[in-house]
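In: fold the following and give me the result.
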Amino acid sequence: KWLHINQIVKERKIGILTLQETHLTPEDETLLNETFKMRLRIILSIDPDKPNAKGVAVVINKHTTNSEEIKKHTLIAGRAMLVIVPWHKDNKLVTLVVYAPNDPTKNADFWETI
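Out: Numbers count the residues shown, from 1 in each chain. Predicted coordinates:
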């Protein structure tokens, strides 16, 4: 799956890609960043209680987007993450990636929380 993501980001010149239901562990994040270090920077939010469930990610294409000085704010672990990327001049690009619960009650609470 990640080889395909790398290929799509390269071919379509995607600067920032957000992903839901990543189901990754902190070890996976380290391995992916090492494997794709020439092109991608992968930033994850993982639920520490269920690291192989849920999960959101932001994938940065290092060839088109500044991957340094990125700020990550986890709003709800494994469910909502805000990433601030240095953009042109003094501007910043703010990206929110969300994986909301399906259960109606949990969903309503989720949106109230963030």
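
In: isn't W87 up against N66?
Out: Yes. Shown here, W87 and N66 form a contact pair, counting by CB atoms under 8 Å, at 7.5 Å. Any C-beta I mention is one placed from the backbone N, CA and C, and that applies to glycine too.

In: isn't R39 up against K13?
Out: No. Checked against CB under 8 Å, the pair R39 and K13 is beyond contact range at 11.4 Å.

In: overlap of the contact sets of the two?
Out: The contact sets of R39 and K13 overlap at N61 (CB atoms under 8 Å, 6 or more residues apart in numbering).

In: and the two? Which one has more around it.
Out: Counted by other CB atoms under 10 Å, R39 and K13 do not tie: R39 has more neighbours, with 16 against 9.

In: residue contacts, that one?
Out: 6, 9-10, 61-63.

In: so which of those belong to strands?
Out: Among the contacts of R39, the members falling in strands (DSSP state E) are N61.

In: that'll do, ta.
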